[in-house]
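Engineer: I would like the atomic coordinates for the input below:
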Amino acid sequence: MSLNLLLCALLALPQSAPQARPTEVTPFTVALDGARKALAAKDLDKARAQLMRALERDARSTEAWALRAELAAAVGDLDEQVYALHTQLRLSIAQKRAKTELELLRKAILAVDPAAAELFGMNARFIGTLEPIAAQYEKELRPHSAIRVHKLILALDPEYTASQQAIERIASLPDPSLAGDAKPKDLLADVSAEWIAKFDAEHATWDTRAQLERENYTTYTNAGYEVLVRSAEAMEQMNRFYRVFFQYGTEEDGKTVPRIDLNIFKKRDEYLKLGLGPPVEWSGGHFTGGAVETYVEGQGFDGMTGTLFHEAAHQFVSLATRAAGWLNEGLASFFEGCRILPNGTVLMNMPANHRLFPLAEDM
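Structural biologist: This is a model prediction of the structure:
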């Protein structure tokens, strides 16, 4: 089969899942359609300009890379053509395209780059050798060694799904030293910027505040969707840490910890006016017995979560100890500097910057 026939066959193949083909008119589809029309009219400069616009908007589109290979063939740029075809193959593998489509792509590559046969074979041989080594390291509870081998595999094939998943699985273990390789949970993956903007507008006041109920806390806020879901996730992870630290509410002791509310106000004046109690003027947050309250304004998200970590700790101090007064406050203050790593590990005994910096200035 000639190269031209192979390229035509590839372009004619349906773009199978998981990448859904856009049905609406978007800047990407307009640019890609313009590139196709310009190439058909042999206006190669316009075709390249339109194609680059399309790739700027979706660099993972296999349709765009297939068209880039076709354009390179039209201008006689062999190096560009080979690069585009290899990129199309890599993306097609990552997007789990049909085997027939992948085989056609490999044949198209070999038609212009015969040396690729050795490359394909080399990757298969080395990956086949390295995978059992990584598996053995993981079996021997040597996570760092297993991750290192999987990274070698990804250096050969950056889209090798098995190694990507293995690193993610191993790095999720509760070990701070593995957190650098962990993939943080994307809490906004299933919603668009437009959806978030609409949600935030609908819940912009305390009367219309958003609510999210999780296992240990029910979060209320008018500070936006991102604050809602990130705070809820951080506090659920922190709750698991409280239970271990205070040795209260674990599976072993069987004690129950009641769910409490997290009231997160957007502005400080809302917190002071609408908070339960109401809060005292000098406070940045407080624990009421059934709720933790604070605000975002002026603290930023990290400062606000530090306050949440402090105030929510009072619940466990009261449940698990008899500490009162300054000791109760001191125990809660210990948690202000805690950091939650991407794999869920909590780093404790960390300084709280808002306490450390003024101390440094006074020294």
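Engineer: my guess is M238 contacts F309, does it?
Structural biologist: Yes - in this structure M238 lies within contact range of F309 using CB atoms under 8 Å: 5.8 Å. (C-beta placed from N, C-alpha, C; glycine too.)
Engineer: For the two, list the residues in contact with both.
Structural biologist: Residues touching both M238 and F309 (CB atoms under 8 Å, 6 or more residues apart in numbering): 335, 338.
Engineer: If you count surrounding residues, which of these two has more?
Structural biologist: F309 (28 against 22; other CB atoms under 10 Å).
Engineer: Counting by contacts, list what the helix or strand encompassing that one packs against.
Structural biologist: Per DSSP states H and E, F309 falls inside helix 300-320. Under the contact criterion of 3 or more CB pairs under 8 Å, 6 or more residues apart in numbering; DSSP states H and E, helix 300-320 touches helix 225-246, strand 260-265, strand 285-287, strand 291-295, helix 325-333.
Engineer: And the last one, what's buried?
Structural biologist: Just to be clear, that refers to helix 325-333. Of all the residues in helix 325-333, those buried under the rule 16 or more other CB atoms under 10 Å are 328, 331-332.
Engineer: Can you list phi and psi of the spatially most central residue of the chain for me?
Structural biologist: The residue lying closest to the centre of the chain (CA atoms, centre = their mean) is D186, at 3.5 Å. Main-chain dihedrals, D186, degrees, to the nearest 10: phi -90, psi 100.
Engineer: same thing with T218?
Structural biologist: Residue torsions, per degrees, to the nearest 10, at T218 are phi -110, psi 120.
Engineer: What is the burial count for it?
Structural biologist: Neighbour tally, T218, other CB under 10 Å: 15.
Engineer: ditto for K273
Structural biologist: 12.
Engineer: Quick check: it is in a helix.
Structural biologist: Yes - assignment of K273 by DSSP: H, G, I helix; E, B strand; the rest coil places it within a helix.
Engineer: Would you quantify the distance from it to E293?
Structural biologist: According to CB to CB, to the nearest Å, K273 stands 12 Å off from E293.
Engineer: before we move on, what about S231?
Structural biologist: 12 Å.
Engineer: what is in contact with those two at once?
Structural biologist: Common neighbours of S231 and E293 (CB under 8 Å, 6+ apart) are 262, 264.
Engineer: Please compare the two by neighbour count and tell me which comes out ahead.
Structural biologist: Ranked by neighbour count (other CB under 10 Å), S231 and E293 place E293 first, with 26 against 23.
Engineer: For the more buried one, give me its contacts.
Structural biologist: 262-265, 271, 275-276, 279, 285-286, 311.
Engineer: In ChimeraX, select just the buried ones from those residues.
Structural biologist: For anyone working in ChimeraX, the buried entries among these, judged by 16+ other CB under 10 Å, can be selected with:
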select :262,263,264,265,271,275,279,285,286,311
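Engineer: Redo the contacts of E293 as a markdown table? Include distance to L91.
Structural biologist: A markdown table is the format used below for the contacts of E293 (distance: CB to CB, whole Å):
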| residue | distance to L91 |
| --- | --- |
| L262 | 42 |
| N263 | 46 |
| I264 | 41 |
| F265 | 45 |
| Y271 | 48 |
| G275 | 51 |
| L276 | 53 |
| P279 | 53 |
| G285 | 47 |
| H286 | 52 |
| E311 | 47 |
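Engineer: Tell me which two in the contacts of E293 are the farthest apart.
Structural biologist: L262 and P279 (14.4 Å; CB to CB).
Engineer: Mind listing residues that contact stretch 24-31?
Structural biologist: 22, 50-51, 53-54, 57-58, 61.
Engineer: Need the buried ones from these selected in ChimeraX.
Structural biologist: With 16+ other CB under 10 Å as the criterion, this ChimeraX line picks the buried residues out of the contacts of stretch 24-31:
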select :50,51,53,54,58,61
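Engineer: among the contacts of stretch 24-31, which are in helices?
Structural biologist: Among the contacts of stretch 24-31, the members falling in helices (DSSP state H) are 50-51, 53-54, 57.
Engineer: Out of these, which comes closest to M304?
Structural biologist: Out of the ones in helices among the contacts of stretch 24-31, the member with the shortest distance to M304 (by CB to CB) is R57, at 34.9 Å.
Engineer: List the contacts of the closest one.
Structural biologist: 26-28, 31.
Engineer: Most neighbours out of those residues, which is it?
Structural biologist: A31 (21 neighbours).
Engineer: Look up how far E194 lies from that one.
Structural biologist: 21 Å.
Engineer: cool, and A234?
Structural biologist: Taking CB to CB, one finds A234 at 25 Å from E194.
Engineer: Comparing the two, which shows the higher neighbour count?
Structural biologist: The neighbour count for A234 versus E194, taken as other CB under 10 Å, is higher for A234 (19 against 8).
Engineer: wouldn't that one be in contact with T305 here?
Structural biologist: Yes - in this structure A234 lies within contact range of T305 using CB under 8 Å: 5.4 Å.
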